[in-house]
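K.L.:
Curious how this folds, go ahead:
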Amino acid sequence: MKRRVLFLCVTNSCRSQMAEGFLKAMGGGQFEVFSAGVKATSVHPLAKRVMSESGIDISGQESRTVAEFSGQEFDFTITLCGQGSKSVCPVFPGKVGNRLHWDFLDPAEAEGTEEDRLEVFRNVRNQIEARLREFVKEAKKAG
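P.N.:
Have a look, this model is predicted:
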């Protein structure tokens, strides 16, 4: 039986989208994966670009709101908001087995040249990937 995972961040444009893409790719079919935010925007072009560099295409993913998942149950909700976020991280009010929080900087707030901003996106991408590798390893141990 697949475990249901919902990644949450403010606008569902970067961190939660990257996490969704990674877990779909590395989960070996053992997860049903979704992402959402307080408000729906669009998947950030730099998130698409840095994920493509890792061999993962998130261009078909859509930005969604937490409300779209109302009434559903999840084994995990994982918030990805950093301490410095300008907005409040969403909370999923439905039935959840495990609520986790992973503190990641919002790369959409990066400033500077495009290369400077890409470096921030790459760093956050790499941090999310490392955390998800551990998450998948622990999930396999748990059965």
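K.L.:
Give the helix, strand or coil label for Gln17.
P.N.:
Here Gln17 is helix, with the state taken from DSSP: H, G, I helix; E, B strand; the rest coil.
K.L.:
do Gly28 as well
P.N.:
Under three-state DSSP, the three-state class of Gly28 is coil.
K.L.:
Tell me how many other residues crowd it.
P.N.:
9 (other C-beta atoms under 10 Å). (Glycine included, C-beta is placed from N, CA and C.)
K.L.:
With the one 3 residues further on instead?
P.N.:
Other residues within reach of Phe31, judged by other C-beta under 10 Å, total 20.
K.L.:
What of Ile56?
P.N.:
19.
K.L.:
what residues are up against the nearest residue to it once chain neighbours are set aside?
P.N.:
Among residues not flanking Ile56 along the chain, Gly21 sits closest, at 4.7 Å (C-beta to C-beta, 6 or more residues apart in numbering). Contact analysis of Gly21 by C-beta atoms under 8 Å, 6 or more residues apart in numbering lists 51, 56-58, 61.
K.L.:
Tell me the pLDDT of Gly21.
P.N.:
Note for Gly21: predicted pLDDT of 97.
K.L.:
and it, what are its phi and psi?
P.N.:
Main-chain torsions, Gly21, degrees, to the nearest 10: phi -60, psi -40.
K.L.:
Could you measure from the residue of the chain positioned farthest from its centre over to Val120?
P.N.:
Within the chain, the residue lying farthest from the chain centre (C-alpha atoms, centre = their mean) is Thr113, at 24.4 Å. Distance, Thr113 to Val120, using C-beta to C-beta, to the nearest Å: 11 Å.
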